[in-house]
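J.: Turn this into a structure:
(chains A and B)
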Amino acid sequence: MMKKWIAVLGLATAGFAVSSANAQESVKIGLTGALTGPVAGTYAPAVEGLRLYIDKVNAAGGVDGKPIELLIQDDGAEPSKAAANAKRFLTQDDVAMMINSSLSSTYAPTIAEAKRNGVPLLFAASVCPAEVFPPADPNLFCTTAFGAKYDSRAALSFIEDKSGADVKLGLHAMAIPVSRGEIDFAEELGKEMGMTPVSKEITPPPTPDYTPFATNINNADAEWVWSWAPWVAQIKTFEALRRLGWEGDYLAYAHLEAEGELERVKDPEFFVVGANALFSEGLPVMADITSAAEGSSYPANQMTEGWIAGMVIEAALKAASDPTSAESVREAMSNISVDMQGLRGGPLEWTADNHFRTQQNYRVYRWNPDSGSIETVQDWTPFDVQ
Amino acid sequence: MQFVVNIMVLAAIYALIACGYVLIYRVSRVLNLAHGELMMLGAYLLVATASAFAASPLMAVVFAAVMSLAVGGMVYLFLMRRMTGETVLAAVLTTVALGILIRGLIVLFWSAQQQHPRAMLGWDNPVIVLPGDARISLYSGLLIVATVLVYGGLFLFLRFGRWGIRMRAAGQNPLLAAQRGINLHAVFALAWGLSTFTGAIAGMLIALDSGLDSTMTMIGLKAFPAALVGGLDSLVGALIGALIIAGAEVGVIRFIDPLLADVVPFIVLIVMLVIRPWGLFGTREELDRV
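T.: Prediction:
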């Protein structure tokens, strides 16, 4: 009987040892994201793109022979859930890197937990916080395409190029701090550039009808509208304006839904400005994404953000002396340059004090009714990130 | 004129949704906090039927509406019926859980991306120019028409219909109604079915007008003040409450600050709760029961 118990104990110990060895052999990354809830459409496709990229890396042998274990937890864009996810990643799973793909309201708890445990935190598909811009927080990094203030600079420069500075400018944001802050900045920038802001509409996140807001813009005779908000708010405001008979030009940020929506709306005066290339470019890397996305719930052209995050994570882990060590990974991330293979206008470079990117490039697209396809209206335009 | 049209459209949306809250509350005293989710589910059912009945768009809409009616009835039969004899609070909390479940299931079945059922059905959304150069889209116009038909239909049903009279009886005195042979479970199931049906009509028309995404559930919540301001047990109250809330919201957007649009329905609600807690057309006795 005693021998039997010793055998059982031995097997259990061996099993534990094997499981520990497996755990040590994989590189663990924890992701907390808004995969359900009202804003899931903005984040879930990107997370899917990241997961597919990590699968590709693992299929090719992982990093230094170690598979990457991407642990994904849904936070529903709720700060309390994000905090619980972060705690779990850091205390139970012992991750080497944490990723936030959720609303900005989840940032505070995840940043605090990551900092307390010395684990680098990457923002992917979620808005880049101020701390990743120079002088950057050593622990925070961001691959997301859009960047506050730079987006409005690119947008208003484009409007100026197209119509000159003497334009009546309508502005639109959603009633969330990051969107309002950007549009407030655009209003001031527009004035500095000689434009005349005539209407600034802030729509609440749950808006059953955008027409009352669009009516204000229409009544103000805006010639151009610049909208920087989640895609649903941008497109619904535009469509409400068109229903009111407004004939001006509309510029929106090219979120991941942009490509499909340009094809759906088919309006030549509806422009999108963004830092990611659209799939209409037909780049080889886009064929890879399309192939990986077969059978997925989301179209491949919505996965660019996640794919880019995957490229950067792979490069960082490869550059790290020990990819399972958070400290080593953070050190590698602080000095890295990743070839974006055309998905962006240049490489993504992080330095010791810049964890956004050293240069941000923008392209502008629209639907061309003559060719029946999306066309590039303005090629990559660089902005140095100071 | 556009100002008036904007109020009418928003009021129609709120009224269609609010009547669902009222129907269930006046019959069973349960506050259905999953109503926004059930409304959204109705719209997603249209996405499902639009794929299945691509050749017959009208059939897709009718089938989705009938399915919504059935879903509402089944929610009562398989879930809320089990709450019979429990406290009202327990039933309300059950609806909260139901809402969470529906939100999760919708993401599982249809993913989180935006859907455009109108494009799937191959329909256009032409703009109708009204006197005074006001404009309204076809589906916004249909929202107003649907509101008139739904409220008119419910009035006739509750006033003259056999099951309508049973519903009123069950709402006024369930014990007496049961003693008179009225099948309370059937009446409650019908109320849940009708509530989900009217919510789904609103959800489908909003989706046909401007697309469908998971924020629709929050629109359901925004109609709640309309029901409370009008009086939670009064359909006429829901209609008037919707007009008041929509008028205040559109007025604030137009004349004060669009930023206040989100809070003004709740300011109106607070004012009403201070002055007349049972709502404009609600009954004081109902409030005491709550």
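J.: All the helices of the stretch 1-150 of chain B, residue numbers only.
T.: Applying DSSP state H, counting those that start in this stretch to the stretch 1-150 of chain B gives helices spanning B:2-28, B:35-52, B:57-78, B:88-110, B:117-121, B:138-160.
J.: Is chain A within reach of the first one?
T.: Same thing as helix B:2-28. Yes: shown here: helix B:2-28 in contact with chain A (Cβ under 8 Å from any Cβ of the partner chain) through B:Gln2, B:Phe3, B:Asn6, B:Val9, B:Leu10, B:Ile13, B:Tyr14. Just so you know, the C-beta spots here come from the backbone N, C-alpha and C atoms, and that holds for glycine as well.
J.: how many neighbours does the third one have?
T.: Each residue near B:Asn6 was counted by other Cβ atoms under 10 Å in any protein chain shown, and the total is 28.
J.: ok, it touching A:Pro212?
T.: Yes: using Cβ atoms under 8 Å, B:Asn6 is in contact with A:Pro212, at 4.6 Å.
J.: shared neighbours of those two, anything?
T.: B:Val250, B:Arg254 (Cβ atoms under 8 Å, 6 or more residues apart in numbering or on different chains).
J.: Name the strands paired with the helix or strand containing A:Ala252 and say parallel or antiparallel.
T.: A:Ala252 is part of strand A:249-253 when elements are defined by DSSP states H and E. Applying DSSP bridges, strand A:249-253 is found paired with strand A:224-227 (parallel), strand A:270-274 (parallel).
J.: For that strand, give the mean pLDDT please.
T.: Strand A:249-253 shows a mean pLDDT of 97.
J.: For it, C-alpha coordinates in CSV please.
T.: Output in CSV follows, covering the C-alpha atoms of strand A:249-253 (Å, rounded to 0.1, in the frame of the first residue of the first chain):
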residue,chain,number,x,y,z
ASP,A,249,-16.3,66.9,-48.1
TYR,A,250,-15.9,64.6,-45.2
LEU,A,251,-12.6,63.3,-43.7
ALA,A,252,-12.7,60.6,-41.1
TYR,A,253,-9.9,58.5,-39.5
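J.: can you map out the helices along the stretch 151-300 of chain A?
T.: With DSSP H, counting those that start in this stretch as the criterion, the stretch 151-300 of chain A has helices at A:177-192, A:211-219, A:231-243, A:258-265, A:284-292.
J.: Can you say which of these is nearest to B:Met80?
T.: The closest of the helices of the stretch 151-300 of chain A to B:Met80 is helix A:231-243. By Cβ to Cβ, the value is 31.9 Å.
J.: what residue is smack in the middle of chain A?
T.: Centrality entry for chain A: nearest residue to the mean C-alpha point is A:Ala125, 1.9 Å, by Cα atoms, centre = their mean.
J.: secondary structure element for it?
T.: A:Ala125 belongs to no helix or strand, assigned by DSSP H and E.
J.: Find the nearest non-adjacent residue to it, please.
T.: Distance criterion Cβ to Cβ, 6 or more residues apart in numbering or on different chains; nearest residue to A:Ala125, sequence neighbours excluded, is A:Ala46 at 3.5 Å.
J.: Please report how far the closest residue to A:Leu90 other than its chain neighbours lies from A:Asn335.
T.: Nearest residue to A:Leu90 in three dimensions, chain neighbours excluded: A:Asn117, at 4.4 Å (Cβ to Cβ, 6+ apart). For A:Asn117, the distance to A:Asn335 equals 22 Å [Cβ to Cβ, to the nearest Å].
J.: and if you look at B:Ser140?
T.: For B:Ser140, the distance to A:Asn335 - Cβ to Cβ - is 55 Å.
J.: how about the residues of the stretch 151-290 of chain B that lie near chain A?
T.: The stretch 151-290 of chain B comes close to chain A at residues B:206, B:210-211, B:213-215, B:217-219, B:221-222, B:249-250, B:253-254, B:258-259, B:261-262, as judged by Cβ under 8 Å from any Cβ.
J.: which residues sit in contact with the residue of the stretch 51-200 of chain A found nearest chain B?
T.: For the stretch 51-200 of chain A, the residue closest to chain B is A:Ala175, as judged by Cβ to the nearest Cβ, at 6.0 Å. Contacts for A:Ala175 (Cβ under 8 Å, 6+ apart) come out as A:Ile202, A:Thr203, A:Pro204, A:Pro205, B:Leu259, B:Asp262.
J.: Equivalent analysis for B:Ala169, please.
T.: Counting by Cβ under 8 Å, 6+ apart, B:Ala169 has contacts B:Leu176, B:Ala177, B:Arg180, B:Ile182.
J.: If you tally nearby residues, what's the number for A:Ser179?
T.: 25.
J.: count of neighbours near the nearest residue to it once chain neighbours are set aside?
T.: Distances taken as Cβ to Cβ, 6+ apart place A:Ala173 nearest to A:Ser179, at 4.2 Å, with adjacent residues excluded. Neighbour count for A:Ala173, taken as other Cβ under 10 Å: 29.
J.: isn't A:Ala173 right up against A:Glu187?
T.: No: A:Ala173 lies out of contact with A:Glu187 (Cβ under 8 Å); the separation is 9.8 Å.
J.: do you know which of the helices of the stretch 1-150 of chain B lies nearest B:Gly132?
T.: With Cβ to Cβ as the criterion, B:Gly132 lies closest to helix B:2-28 of these, at 7.4 Å.
J.: Tell me the buried residues in that closest one?
T.: Across helix B:2-28, burial judged by 16 or more other Cβ atoms under 10 Å in any protein chain shown covers B:2-3, B:5-28.
J.: and the angle from that helix to helix B:138-160?
T.: 40 degrees (axes from the mean of the first three to the mean of the last three Cα atoms, to 10 degrees).
J.: Quick one: mean pLDDT for helix B:2-28?
T.: On average, helix B:2-28 scores 93.
J.: what's the closest residue to B:Tyr25 other than its chain neighbours in contact with, if anything?
T.: Leaving aside its chain neighbours, B:Tyr25 sits nearest to B:Leu232 (5.0 Å; criterion: Cβ to Cβ, 6+ apart). By Cβ under 8 Å, 6+ apart, B:Leu232 lies in contact with B:Tyr21, B:Val22, B:Tyr25, B:Arg26, B:Leu31, B:Gly279, B:Gly282, B:Glu286.
J.: Tell me the one among these nearest to chain A.
T.: Ranked by distance to chain A (Cβ to the nearest Cβ), the contacts of B:Leu232 are led by B:Tyr21 at 15.4 Å.
J.: Setting aside sequence neighbours, what's the nearest residue to B:Tyr14?
T.: B:Ala242 (3.8 Å).
J.: With chain A as the reference, measure out to that neighbour.
T.: 11 Å (Cβ to the nearest Cβ, to the nearest Å).
J.: What is the neighbour count of that residue?
T.: The number of residues near B:Ala242, taken as other Cβ under 10 Å, comes to 28.
J.: I'd say it and B:Phe224 touch.
T.: No: B:Ala242 lies out of contact with B:Phe224 (Cβ under 8 Å); the separation is 11.0 Å.
J.: Identify the contacts common to these two.
T.: In contact with both B:Ala242 and B:Phe224: B:Ala18, using Cβ under 8 Å, 6+ apart.
J.: so where's chain B uncertain?
T.: B:285-290 (pLDDT under 70).
J.: From what I see, the residue nearest to the centre of chain A and A:Gly41 are in contact.
T.: No: taking contacts as Cβ under 8 Å, A:Ala125 lies outside contact range of A:Gly41: 11.4 Å.
J.: how deep is residue 133 tucked in, by neighbour count?
T.: Unless you meant another one, I'm taking chain A. For A:Phe133, the count of nearby residues is 21 (other Cβ under 10 Å).
J.: Sorry, I should have been clearer: chain B.
T.: 10.
J.: Next: B:Phe160.
T.: 9.
J.: Show the contacting residues for B:Ile206.
T.: A:Pro208, B:Ile13, B:Ala43, B:Tyr139, B:Leu143, B:Leu212, B:Met216, B:Ile219.
J.: repeat for A:Ala258
T.: The neighbours of A:Ala258, taking Cβ under 8 Å, 6+ apart as the test, are A:Trp231, A:Ala252, A:Val272, A:Gly274, A:Leu278, A:Tyr365.
J.: run the last query once more with 6 Å
T.: A:Val272 (Cβ atoms under 6 Å, 6 or more residues apart in numbering or on different chains).
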